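Peer 1: Show me how the following folds:
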Amino acid sequence: MKKTILMLMPGFSFSHMGGAETQALKLIERLIKKDFQILILTHRKISDTEKDFLEGVKIQSVYSILNILLYPISIIISIPTKIKKYYYKKNADSLFPNYSELEKEYGHILGLSEITEAAVFFLNCLFFLIPKKKKFDLIHVHTIEWVAIVGALLGKAFNKKVLVKDSTMNGAVKLRYMPFGKYFQKIVVKNCFFIAITKIIESNFLKVGIPSNRIFKIPNGVEIIPSVCHKRTKNEYKCLFVGNLYQQPAKGIDILLQAWISVINEFPQASLNIVGDGEIELYNTLIKKMGIEKSVRFWGKQTNLQNFYLETDIFILPSRREGMSNALMEAMAYGLPCIASNISGNQDLIVDHFNGLLIPVNNLQQLADSVIYLFNNHDIASEMSKNAKNTIAKTYSMNLVTDKYIDLYTTLLTSTYK
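Peer 2: This next block holds a predicted model:
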């Protein structure tokens, strides 16, 4: 009999796909070929096209009157944040980081608005699932923020095992900094099993008291290992960044742009392509102020990245924090020599000077020096390219990752594992 995995993805939408959602869909596509059924619960309104996007997958919106009642409350609570964003849009210099120590370490900290949203999503899911409690076997949550709290509470309500994947560097730790955080953190820790995609995430799980036998190490995966590889451009010296530009300062775009000044002083013909959705007009204003607009281009969101990977010499990811970057994995799969900050996720993928280069966080001079080093050392860059592609093929293909999830689901569903 087919097993049904209930996946909690409250923000699911094909038009708003983050890294966690992208990984989830790659996994789902393979799970249904292995005789699993998937039920996705979201509180976004879903079109008929989205409802039937894949045979064997059901997407159910649990949007209700509670969401309508929530809206004015959320507006009131979020007024200070909206004022701050309005100011940022008026000031290009605000793209440079100015944030607290807490945000440096953990990113966005959950507030009352998210807690209210969690309460509404929990109640909507609860009412929807009560008549269907025998029609799903396990709950899978793809991020450890407030959705993990909802998953833990639903698991308790329906006596189902809950699997939580931390898609960020330290989501389990930062739960305690939200309102009533210590209480909610205890609920999640006590009632869930956990996926650690990196060594540091595993370490953070242990720090908050999760027993090691309830932590499972499964990385993110790359859907396709391309048969083609990038070819070094002839005297063009092209670099590429791919990422969500809304996640500044997390993505370190400010460091990249400042470092780029040193790069073009050595290689005036060099060009930097930046792909990702965000405040593109604001960034264009910024690079004009910096005097580098002739060598830097912001492309916005792109659906087909193959040509960018194939026509690039170096991929750069100067993030201040990551889970495990899909873009970095894809770049390595295309055989690109990569330069990345020495943080969680990047450390798991790159062995320094073997299949890429790791640089200290926020070190713009070392970033510039690393780019110049690879431009000047073709043979070394070529060897890193081969090693990068082999690393992804041997360990991070989505087929291998899916097999690990199926083994884990089977273990949890067929045992009294506690």
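
Peer 1: Low-confidence ranges, this protein, go.
Peer 2: The model of the chain has pLDDT under 70 over residues 13-17, 47-54, 71, 73-112, 169, 230, 233-234, 417-418.

Peer 1: again, only this time at 50
Peer 2: 99, 102, 104, 106 (pLDDT under 50).

Peer 1: just the strands in it please.
Peer 2: 3-8, 36-42, 57-61, 138-141, 161-166, 193-196, 215-217, 238-242, 271-275, 296-300, 314-317, 338-341, 357-359 (DSSP state E).

Peer 1: what does the third one rub up against?
Peer 2: Going back to what we said before, that points to strand 57-61. 12, 28, 32, 37-46, 50-51, 53, 128 (Cβ atoms under 8 Å, 6 or more residues apart in numbering). (Glycine included, C-beta is placed from N, CA and C.)

Peer 1: One more: the fourth one?
Peer 2: Outside strand 138-141, the residues within contact range by Cβ under 8 Å, 6+ apart are 3, 5-8, 147-148, 150-151, 154-155, 160-165, 192, 409, 412-413.

Peer 1: mind running it again at 6 Å?
Peer 2: Outside strand 138-141, the residues that touch it by Cβ atoms under 6 Å, 6 or more residues apart in numbering are 5-8, 147-148, 151, 155, 160-164, 413.

Peer 1: how about the CA coordinates for it, as CSV?
Peer 2: C-alpha atoms of strand 138-141 as CSV (Å, rounded to 0.1, in the frame of the first residue of the first chain):
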residue,chain,number,x,y,z
LEU,A,138,4.2,11.0,8.2
ILE,A,139,4.7,14.8,8.4
HIS,A,140,7.7,16.3,6.6
VAL,A,141,8.6,20.0,7.2
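
Peer 1: who does it pair up with?
Peer 2: Strand pairing for strand 138-141, using DSSP bridges, gives strand 3-8 (parallel), strand 161-166 (parallel).

Peer 1: Also the second one?
Peer 2: With DSSP bridges as the test, strand 36-42 is paired with strand 3-8 (parallel), strand 57-61 (parallel).

Peer 1: Please work out which of the ones you listed is packed deepest.
Peer 2: strand 3-8 (a mean of 22; mean count of other Cβ atoms under 10 Å).

Peer 1: Convert the C-alpha atoms of that strand to CSV, please.
Peer 2: What follows is strand 3-8, C-alpha atoms only, in CSV (Å, rounded to 0.1, in the frame of the first residue of the first chain):
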residue,chain,number,x,y,z
LYS,A,3,2.4,5.6,1.9
THR,A,4,1.4,9.3,2.0
ILE,A,5,3.8,11.9,3.1
LEU,A,6,2.2,15.2,4.3
MET,A,7,4.4,18.1,3.5
LEU,A,8,3.9,21.5,5.2
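
Peer 1: what's the farthest-apart pair in the contacts of strand 138-141?
Peer 2: The two members of those with the most space between them (Cβ to Cβ) are 147 and 413, at 21.2 Å.
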